[in-house]
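**Q** Prediction below, plus the sequence it came from.
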Amino acid sequence: MTERSPGNGVDHADPQYVPDRQEWLIDGFWHCIKNGKFTMRNVYHALIDLLEVNQKAQVGTSSDKDPLVHCRGFQGFRVPRGCPIVTHLGYADDVLVFSSANASSLRLVMSVLEEYEASSGQRVNKSKSYFLGHASLGRARRMVIQRITGFTSGSFPIRYLGYPLFYGRRKREYFAGLCQAVVRKIESWEHKLLSAGGRIVLVKHVLSVLPVYLLMAASPPKSVFREIEGWFSNFLWGESKWGLKCHWIRWQDLCVPREEGGLGFRRLEDVHTAFSIKLWWNFRSLSSLWSSFMKAKYCAQVHPNLVNHHGGSLVWRRMLTVRHLAELHIGWIGRSGGLNFWFDNWIGTGSLASRLDSVSDHLVADFLEDGQWNLSLLQQ
């Protein structure tokens, strides 16, 4: 791992509105050394997380309209072999540009921004811009990046659209903002006289909603779930001048339907599981940039149901934990195209492979001829 290796970079452009002028804020620049398996693995995992956050956004890859793609000397963001090349992502009024972090590529990125400033009358707000580097990035390399871009040096983790972006192990403190939001909401009701029914309504329709946005894309540690649900339970039962009141029923028992003796609360772990299943469904059914990237990285040579390793990004590991449950509830309609004959549930009663010891890899279309079943081939 050397400092001479330029690595990858990400520019984050965010429009900031001020009186008489719209300033474009480049408030994130991510730079990592590309030599070394450990470092690049972290780059790919963080990129997958970012793609997952942006999967419903307007996204793009290289195109004829991209001013950087055809510039001589520009090196794009390096991705694993077979994955679609990601040059930029767009979400609402945010634009993120992915490129190599060598000097020539950085100068080209800055020249495009300067050309945009000259033609639009808008300006890059460099005072609020920064770049991010791997821990092993040397001081000399940081100074070069700072000199070319004019951005200051930042550090991970960062928050993008409320989502913590980090590399390495997930830590409890990355999700402290979620816990603090719940506590602040409860403290705002501290001096209000609330009935038991009122507390039930607030827990179900206000407090329980706060973590939903983050759980769609993030996987907090289970200790975060326990802490937040502890706050829910304490608020529900209330407190007296002697302290917290007795919790006569466990929180888990309250999180069952009313017909079964509970109050219909939702456990955060169940909400997380539901969103994980939705991620797997989007991965299997959509042809988005995120889905294409994930399939090329993890399922290039094998059906998604046959991937047996549990390494990879945090998002991928999250999806694998619910793969079996999700596939039990997925049914594919149609007898043509790319449906797998053995591993996709296209007959409505589960995959055919679950009934056999060994099967070969075939598509449904392989057994069709002019829209009809090829009986001789099926009998082989």
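**A** Looks like it came in fine. Numbering: from 1, shown residues only.
**Q** Would you quantify the distance from Ala196 to Trp248?
**A** Ala196 sits 12 Å away from Trp248 when distances are taken as CB to CB, to the nearest Å. All C-beta spots, glycine's among them, are computed from the backbone N, C-alpha and C.
**Q** With Trp373 instead?
**A** 62 Å.
**Q** And the two? Which one has more around it.
**A** Per other CB atoms under 10 Å, whichever of Trp373 and Trp248 has more neighbours is Trp373, with 12 against 7.
**Q** Pull the contacting residues for the spatially closest residue to Pro157 that is not a sequence neighbour.
**A** Setting aside the residues directly before and after it, Pro157 is nearest to Phe166 in space (CB to CB, 6 or more residues apart in numbering), at 3.7 Å. For Phe166, the contacting residues are Ala46, Phe156, Pro157, Ile158, Tyr174, taking CB atoms under 8 Å, 6 or more residues apart in numbering as the criterion.
**Q** my read: Val206 touches Lys185, true?
**A** Yes: with the criterion set as CB atoms under 8 Å, Val206 and Lys185 qualify as a contacting pair; they are 6.8 Å apart.
**Q** Can you say which of the contacts of Phe166 are buried?
**A** Judged by neighbour count, with 16 or more other CB atoms under 10 Å as the criterion, the buried members of the contacts of Phe166 are Ala46, Phe156, Pro157, Ile158, Tyr174.
**Q** And the helices in the stretch 151-300 of the chain?
**A** Per DSSP state H, counting those that start in this stretch, the stretch 151-300 of the chain has helices spanning 176-187, 196-205, 212-215, 222-237, 251-254, 268-285, 289-298. These are given in chain order.
**Q** So what's the residue count around Trp237?
**A** When neighbours are counted by other CB under 10 Å, Trp237 registers 16.
**Q** roughly how far apart are it and His329?
**A** Taking CB to CB as the measure, Trp237 falls 36 Å from His329.
**Q** follow-up on the earlier one: taking the contacts of Phe166 together, which two end up most distant?
**A** Ala46 and Tyr174 (12.7 Å; CB to CB).
**Q** List the buried residues in stretch 310-320.
**A** Of all the residues in stretch 310-320, those buried under the rule 16+ other CB under 10 Å are Gly312, Ser313, Leu314, Val315, Trp316, Arg318, Met319, Leu320.
**Q** correction: stretch 232-242
**A** Judged by neighbour count using 16+ other CB under 10 Å, the buried positions of stretch 232-242 are Phe232, Ser233, Phe235, Leu236, Trp237.
**Q** List just the nearest of those residues to Ala181.
**A** Proximity of the buried residues of stretch 232-242 to Ala181 was ranked by CB to CB; the top entry is Phe232 with 12.9 Å.
**Q** Local confidence estimate at the closest one?
**A** Note on Phe232: pLDDT of 96.
**Q** got it, and Val307?
**A** According to the per-residue confidence, Val307 scores 86 in pLDDT.
**Q** His70 now?
**A** We have a pLDDT of 64 for His70.
**Q** what does Gly312 give?
**A** According to the model's per-residue confidence, Gly312 sits at a pLDDT of 86.
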